[in-house]
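# predicted coordinates and the sequence they were generated for:
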Amino acid sequence: MIRYTVQRLILIALTLFLIVSIAFITVRMMPGSFLKSRNLPEDVRLIIENKYHLHEPLIVQYKYFVSDFLRGNFGVSLGLQPKVPVFDILKQKIPITLQLNLFALILIIPLATIFGITTALKKNQLYDHIANVLVIIAISVPSFVFASLMQFNLAYRAGWFPILLSTEKALTWSKFHSMILPIIALSVGAIAGLTRYVRAELAENLNSEFMLLAKAKGLKQIQAVFRHAIRNSFIPLANMIIPLFMGILGGSLIIEQIFGIPGTGPLMISAINANDDPVTIAVLFFYSIIGLTSILLIDLSYGVIDPRIRMGGKR
Amino acid sequence: MSIKTSSPPKIRKPFEFAHDRSQQLKDDKFETEPIGFFEDAMLRFVKNKASIVAFWLIAFIVLMSFIGPYMNEYGYKDQNVTINYMPSRVPGLERLGILDGSKVRRVRYSSIAEKYQESLIEIVREYEISGVRMADIRFNDYIYRGIADKYYFFGTDALGRDLWTRLWRGVRISLLIALIAMSVNIFIGVVYGAICGYYGGTVDIVMQRFIEILGGVPTIVVMILFILYYGSGILPIALALCLKGWIGMSRMIRAQFYKYKRMEYVLASRTLGAKDLTLIFRHILPNAIGVLITMAALAIPRAIFQESFLAYLGLGIQAPEPSIGILLAEGQKVLIDHPHLTLFPAILISTLMISFNLLGNGLRDAFDPTLRGIE
């Protein structure tokens, strides 16, 4: 187990390094630079170029970049907030994004399990059919369409919610109030997907033989469902939650922009548009780290949650 | 137990046909026509009402994406800034009071008589703001701007371009991107999965490690880097969707090959001298055709979604050319004042995605009824 984890960690480090290198080369070879402004005097431009080694060949720049990067130094922002260390910018933005996503996750898991269990128990009844239709709609309609529609109808027309996120720093009631719509927009699709999954798993388990045995032992239907069927159907569910989180994080790129949330999504977009290379690389690095750790967690959790699944490549 | 000592009963002719030669020993002929694989799937597919409706909806949208842009005289890049943000107006429907080119605006009460005399429909509300009499009025924007004879079915955007024309053209481009992405994904997925699954062993291990590393990189990151580097045309965007899209496809094809390659009929064919290529494409791959078609149908909505996603990030198709994502992203910026610019693309993309998902589910149930209800 430990050996496997260490192996995986080394692989992750290598992958991360590869991604960052590719990101560096791609971003640097992009046309346009933050220095292309016309009214910048020539000598100022030279000074800046000298300071950030921009006039040297790409391979030399890459050397500087890697040595800085390995020391945990992402450099300073060039275009967006000049001279501010990238690390400080990220430190402001990441908590906002994570907060939003964690709230969404907190909403998704209980709702999805409740809907999943109830639809499986009432399979092929009216409730199940209605839920099925809603699930198909919620899975298909993109989250940004939901966000736009809710922003217009619930926030602007009905005036129940603020249109944009409130700018308070602390998490107060009014701040949470303005976060409700983005959270809903983020979670609708995920709730639907998870509901469908739980329903399929549970419906399969309800017909299995251990349920027959449980009933033969004299358990009531409800006891058998809660003690045996649900426990078994949650095993795959646990493994779905982490990729789910990854999915919400990707989706929140756009939701953040729609609701004016100053998270990592808008940061990346403005960094790309402003040709602010260090910030762009750092944000891409952040997304890669989350993605890779989540994959590692899934693989490790297989063994913890269900010991029947063996570790590693030996099959 | 006693040992039987008696000799076996005597048979007069030891080797004799059990039946008379004149007596024909044949299976009964089937009275019905034999049903092939696709016919069988088709039988199940047409029973699924939702999928049929979805199929016709998709057919309608595809048809409209070809004839829609030519149904009126406006081109997709005809700009006219004097008629920007026109509300939608449809002949016929305007008599019913919906889509009649009307707008609600807050004006000074005194200006109603001066400016809005001809175009005024009704006064919604009157009130006072710091001593000035104001009113919310509903007026016909087409008459107000002096183009009473024109009809923009879905209104116009910030530059006065006709949304109807742009929307259908955008659907065409989004579908084109989705189609390219899907075909490339299937091609790479099938070839990669087939090699992995058929040869197995070291080849398989090495190729699977590669997939693992690629799968570890977040999709958004690779897509963004790719588009940053290659610019945003139809082809770069379509290929960006393929960077990781083929992985799922190849995993499935690999599983199919593992399932079928040890079967007797493959062994028989190999004994007869069939080459690897023949075995792969002629004997094993056709088993996966049902799954392949289903995956193709489900890959299209994903591609449409990702294209809009990129457009929202500002990495969509280049300027005058529309796509659903571009239109949605443009509409989002002026959502509060001009909701029609978001509404129509939103309805269309939702219909398209729901239809494709329903069609995909229907196809999956039809080709493999055992998978029904399992995601």
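Ah, there it is. Numbers count the residues shown, from 1 in each chain, chains lettered A, B, ... in the order given.

# need the residues of chain B near chain A, please.
Residues of chain B lying close to chain A by CB under 8 Å from any CB of the partner chain are B:205, B:213, B:215-221, B:224-225, B:228-229, B:301, B:305, B:308-309, B:312-314, B:328, B:331-332, B:335-336, B:339, B:342, B:346, B:349-350, B:353-354, B:356-358, B:361, B:373-375. In this view, the C-beta of every residue, glycine as well, is placed from N, C-alpha and C.

# just the buried residues of these.
B:215-221, B:224-225, B:228-229, B:301, B:305, B:308-309, B:312-313, B:328, B:331-332, B:335, B:339, B:342, B:346, B:349-350, B:353-354, B:356-358, B:361 (16 or more other CB atoms under 10 Å in any protein chain shown).

# strands - which of the residues you listed land there?
Under the assignment DSSP state E, those contribute nothing to strands.

# give me the subset of these lying in helices.
B:215-216, B:219-221, B:224-225, B:228-229, B:301, B:305, B:308-309, B:312, B:328, B:331-332, B:342, B:346, B:349-350, B:353-354, B:356-358, B:361 (DSSP state H).

# can you list the weak-confidence ranges in chain A?
A:30-39, A:238-239, A:302-315 (pLDDT under 70).

# dump the residue contacts of the residue nearest to the spatial centre of it.
The centroid of chain A falls nearest to residue A:249 when counting by CA atoms, centre = their mean (1.9 Å). Contact analysis of residue A:249 by CB atoms under 8 Å, 6 or more residues apart in numbering or on different chains lists A:97, A:101, A:287, A:290.

# going by distance to chain B, which of those wins?
residue A:287 (4.9 Å; CB to the nearest CB).

# what's the nearest residue to the closest one if we skip its chain neighbours?
residue B:218 (4.9 Å; CB to CB, 6 or more residues apart in numbering or on different chains).

# list the contacts for the one you found?
Here residue B:218 is in contact with A:246, A:250, A:287, A:288, A:290, A:291 (CB under 8 Å, 6+ apart).

# got a quick PyMOL command for the buried subset of the residues you listed?
In PyMOL, a selection of the buried entries from the contacts of residue B:218 looks like this (16+ other CB under 10 Å):
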select buried, chain A and resi 246+250+287+288+290+291
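
# narrow the contacts of residue A:249 to those in helices?
Here DSSP H is the test, and the contacts of residue A:249 give A:97, A:101, A:287, A:290 as lying in helices.

# how is chain A divided into domains?
For chain A, automatic domain parsing gives the domain ranges A:2-70, A:97-262.

# so of these, which one's packed in deepest?
domain A:97-262 (a mean of 18; mean count of other CB atoms under 10 Å in any protein chain shown).

# for the chain, what spans make up the helices?
Since no chain was named, I'll use chain A. A:2-29, A:42-51, A:58-70, A:86-121, A:126-140, A:143-150, A:173-206, A:209-216, A:221-224, A:230-258, A:264-273, A:277-305.

# try again with chain B
B:37-47, B:49-67, B:109-115, B:141-144, B:163-199, B:201-216, B:219-230, B:234-260, B:264-271, B:276-278, B:289-312, B:324-333, B:340-367.

# residue B:305: what's it in contact with?
A:142, B:353.

# run the last query once more with 10 Å
By CB atoms under 10 Å, 6 or more residues apart in numbering or on different chains, the contact set of residue B:305 is A:140-145, A:189, B:174, B:178, B:241, B:324-325, B:349, B:352-353.

# helices and strands around the least confident helix or strand in chain B by mean pLDDT, which ones?
Of all helical and strand segments in chain B, the minimum by mean pLDDT, DSSP states H and E falls on helix B:109-115, at a mean of 72. Applying 3 or more CB pairs under 10 Å, 6 or more residues apart in numbering or on different chains; DSSP states H and E, we find helix B:109-115 packed against strand B:102-108, strand B:120-129, strand B:132-140.

# mean pLDDT, mean neighbour count and distance to residue B:58 added to the ones you listed, as a markdown table?
Putting the helices and strands packed on helix B:109-115 into a markdown table (pLDDT from 0 to 100; neighbours: other CB atoms under 10 Å in any protein chain shown; distance: least, CB to CB, whole Å) gives the following:
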| stretch | mean pLDDT | mean neighbour count | distance to residue B:58 |
| --- | --- | --- | --- |
| strand B:102-108 | 75 | 16 | 33 |
| strand B:120-129 | 75 | 12 | 38 |
| strand B:132-140 | 77 | 17 | 36 |
